[in-house]
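>>> Sharing a model prediction with you, sequence too.
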Amino acid sequence: SWDITKQRQVEEELHSYNKRLALACQAGKIYPWLWDLVNGTAELSLEENGQIKHVQITHASFTEKIHPDYRKVYENITTAFMRGEIDSMRFSFPCRYFSDEYVWLEKIGEVYEADPDGKPIRSIGILRDMTVDKRHEADVQAKRLAEESDRMKSAFIANMSHEIRTPLNAIVGFSTLLAESDDEEEKKEYLRIIESSNEFLLQLIGDILDISKIEADAIKITYEQLDVSELMDTIYASAKLRVPGGVKLVLEKEADHHMFGTDSMRLLQLINNLVNNAIKNTKEGSITMGYTIQPDDQLRFYVRDTGIGIDKEKLKDVFDRFVKINDYMEGIGLGLAICKGLVVKMGGSIHVTSELGVGSEFSFILPSHE
């Protein structure tokens, strides 16, 4: 016989540690692992009936359970870890190894043992079920978006009430003066102001309808073959009448005639919006409009001006709703948002470069459609 008191004490301590580890893993949904990088196998620890049990798995069997959209990223990170290019890792991905449905797992690990050359041969770490955290993040994001939507809605109502009231007041006021005036010159001036206010009001309502259709994905695009050079000539002739004195309007075309498959009305709207912006913000110098032929039968349209330019702080948000280049100009900041929505709907991309006090260039690239 021999004294096993010390042995029993060690066994009881190990049992206590095992129990505490099991409770911690159960509460935190944590799965410790020990990974043999040479053989590609791992010992995964699972909680079962209040105790920890260890199961052997292969790296390949676990990888195939990862969501296909995240599998490549997982393989790239783990391969770099196995090669010793990184000595620790921490990343998350959806996986259905522990259930039939995908849950979000976070993998945290570091090198535990290396060979004489410094190459990792064993690593240790944990898998943590972070599905609840992801849901919380989604809830926080949804709450933030809802608050932003409410803020934008309030800003929209405030802007609309101001912008609509201005032309309406002008129409009502000058209509009264028109009825009371006997002077022909005064009547002509009042009519001009009323017509200008009518045009602005119609443009405002048209912008609201367009942005609503774009956001509801209800905008209709009809493609047809057209001579884009002729369309540019038409836009140029119309825009020239609106350009203020002291500003030169220039038209640049890469070809005298070029057939292109697009929606003529939407293209007209896009270029007109950009030209109108340039006219509003350019008091001297020039405004240049034109197009160039790109690879794969794409066209790049551009409007360049020597106007006030755009502050860097505003540049990143210039295509958002209700963002105005010049706060002192009329309008509610929907024109560029409409442009972006139309360009994206037509399969293209829109861009801007600008320097405050020097000028801006807005451009968009569209593919040809049959």
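Yep, it's here. Computed from a predicted structure; not experimentally measured. Residues are numbered from 1 along each chain as shown.

>>> Count the neighbours of the nearest residue to residue 92 once chain neighbours are set aside for me.
Closest residue in space to residue 92, ignoring its immediate chain neighbours: residue 106 at 4.5 Å, by C-beta to C-beta, 6 or more residues apart in numbering. C-betas here are computed from N, CA, C, even on glycine. Residues within reach of residue 106, counting by other C-beta atoms under 10 Å, total 16.

>>> per-residue pLDDT, residue 106?
What the model reports for residue 106 is a pLDDT of 92.

>>> Likewise for residue 144?
Reported pLDDT for residue 144: 87.

>>> so which strand or helix has it?
helix 131-180 (DSSP states H and E).

>>> hang on, the earlier thing: name the element the residue nearest to residue 92 belongs to?
For residue 106, the element it lies in under DSSP H and E is strand 103-114.

>>> Note down every partner strand of that strand and its orientation.
strand 88-95 (antiparallel), strand 120-129 (antiparallel) (DSSP bridges).

>>> ok now do residue 165, which residues does it touch?
By C-beta atoms under 8 Å, 6 or more residues apart in numbering, residue 165 lies in contact with nothing.

>>> i'd like the first residue to be 44 from this point on
New numbering, starting at 44: the last item is residue 208.

>>> Next one: it relative to residue 244, how far apart?
For residue 208, the distance to residue 244 (C-beta to C-beta, to the nearest Å) stands at 11 Å.

>>> check contacts around the residue nearest to residue 135.
Here residue 149 is in contact with 133, 134, 135, 170, 171, 173 (C-beta under 8 Å, 6+ apart).

>>> and the fourth one, what pLDDT?
Spelled out, that is residue 170. 91.

>>> Any idea what it is bridged to?
Here residue 170, judged by DSSP bridges, has bridge partners residue 74, residue 150.

>>> Just give me the neighbour total for it.
Neighbours around residue 170, by other C-beta under 10 Å: 21.

>>> just checking, it touches residue 148?
Yes: contact criterion C-beta atoms under 8 Å: residue 170 and residue 148 qualify, at 5.1 Å.

>>> ok, the residue nearest to residue 135 to residue 343 distance?
In terms of C-beta to C-beta, residue 149 sits 44 Å off from residue 343.

>>> Then residue 211?
40 Å.

>>> now residue 377
Distance of residue 377 to residue 343, computed by C-beta to C-beta: 24 Å.

>>> returning to what we had before: which of the contacts of residue 149 lies closest to residue 337?
Nearest to residue 337, judged by C-beta to C-beta, of those is residue 134 at 38.2 Å.

>>> who's in contact with that closest one?
116, 117, 120, 149, 150.

>>> Quick one: list the elements packing against the helix or strand where residue 50 lies.
Remark: residue 50 resides in helix 48-71, with elements defined by DSSP H and E. When contacts are defined as 3 or more C-beta pairs under 8 Å, 6 or more residues apart in numbering; DSSP states H and E, helix 48-71 packs onto strand 73-79, strand 84-91, strand 94-101.

>>> quick one: the helix or strand containing residue 116 to strand 163-172, angle?
Element membership for residue 116, per DSSP H and E: helix 111-125. Counting by axes from the mean of the first three to the mean of the last three C-alpha atoms, to 10 degrees, helix 111-125 lies at 150 degrees to strand 163-172.
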